[in-house]
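1. Take this sequence and fold it.
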Amino acid sequence: FNSTIPPNLNTTTDIINNAGAEIAVSDRWRIWVESISSILERPFLGYGAGTETTWTLFEEANINAVHAHNIILQILLEGGLIALAIMALIGFKAIKNSVELMRNGYSNSFWIGFAILSFALCFLLHGMVDYPLATPRMVCVFVTMLSLCERSVHLYAGRSISVRGHLRSRLKRSRAQSQA
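-> Predicted structure coming up:
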C-alpha cells in the first residue's frame with residue numbers, strides 16, 4: 001500500500017496540507033469571526049440583500065471573500081434576525097410537511113417526503129461551510145423543492161389549499177354584493 005503513495009506525502013496531514021486545506025480552514029475562521037462581529041453591529045435588519053454588501057465588509061477587514069461561507073451567518077448579515085426567522089419558518093414548514101408525507105403511508109408519499117427531507121438536511125449541511133443560495137441554479141433548485149413539498153402535501157395528505165378557498169368565497173361575496 002505504501003508503495004503507491006508518493007514519497008513526500010506519507011501521512012494524511014501531509015496530503016491535506018499540500019492540498020491547501022489548512023489555509024482554507026483558517027480563512028473560513030477569519031471570515032466567520034468577521035461575520036459575527038458585523039452581525040453584532042446590525043443584528044435586526046442586517047446590511048442588505050446580496051453578496052456585494054458582504055464583499056465590501058470583508059474587503060474592509062482585508063479578507064478576500066464574497067460571502068460568509070455559512071448560510072446562517074450570511075442570512076444574518078444580509079437580513080438580520082428578521083430574515084433568519086423567516087427562513088427558519090420556511091425551513092420548519094418544509095421539514096414538517098416532508099415528515100407528514102412520510103407518515104401518510106402511501107408509497108409515493110413516503111418517498112417524496114423522504115427526498116424532500118434528505119434535500120433539506122443536505123442543503124443545511126452544505127450551508128454550514130458554504131452559501132448555496134449565492135448561485136441562481138441553487139436558488140432555483142431550492143424554490144423547486146419548496147414548491148414540490150408544498151404541492152405534495154396537498155396532493156397526498158389531502159390538505160386543502162386555503163388561499164384558493166378564501167379567494168373563491170371572497171369572489172362569491174363580491175358578486176353577491178354587486179347583484180344586490
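2. Can you give me the buried ones in stretch 27-36?
-> Counting neighbours by 16 or more other CB atoms under 10 Å, one finds that the buried residues in stretch 27-36 are Arg28, Ile31, Glu34, Ser35. Every residue, glycine included, has its C-beta placed from N, CA and C.
3. Going along the chain, name the helices of the chain.
-> Remark: helices assigned in the chain by DSSP state H are 12-18, 21-41, 51-60, 71-103, 107-127, 136-156, 162-179.
4. mean pLDDT lowest for which of those helices?
-> When these are ranked by mean pLDDT, helix 12-18 comes last with a mean of 53.
5. What about the closest residue to Gly91 other than its chain neighbours, how many residues nearby?
-> Nearest residue to Gly91 in three dimensions, chain neighbours excluded: Ala120, at 6.7 Å (CB to CB, 6 or more residues apart in numbering). Using other CB atoms under 10 Å, Ala120 is surrounded by 20 other residues.
6. Off-centre distance for stretch 26-35?
-> 20 Å (CA atoms, centre = their mean, to the nearest Å).
7. what does stretch 115-133 give?
-> A distance of 6 Å separates the centroid of the chain from that of stretch 115-133, by CA atoms, centre = their mean.
8. what sits up against that stretch?
-> 28, 51, 67-72, 74, 91, 94-95, 97-99, 101-102, 138-139, 142, 145, 148-149, 152 (CB atoms under 8 Å, 6 or more residues apart in numbering).
9. Repeat the analysis, applying 7 Å as the threshold.
-> When contacts are defined by CB atoms under 7 Å, 6 or more residues apart in numbering, stretch 115-133 is touched by residues 67-71, 74, 91, 94-95, 98-99, 138-139, 142, 145, 148-149.
10. For ChimeraX, what selects the buried ones among the residues you listed?
-> Applying 16+ other CB under 10 Å to the contacts of stretch 115-133, the buried members can be selected in ChimeraX as follows:
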select :67,68,69,70,71,74,94,95,98,138,142,145,148,149
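11. any idea how far the nearest residue to Ala83 once chain neighbours are set aside lies from Leu148?
-> Among residues not flanking Ala83 along the chain, Ile75 sits closest, at 5.3 Å (CB to CB, 6+ apart). Ile75 sits 22 Å away from Leu148, going by CB to CB, to the nearest Å.
12. Alright, I will stop here.
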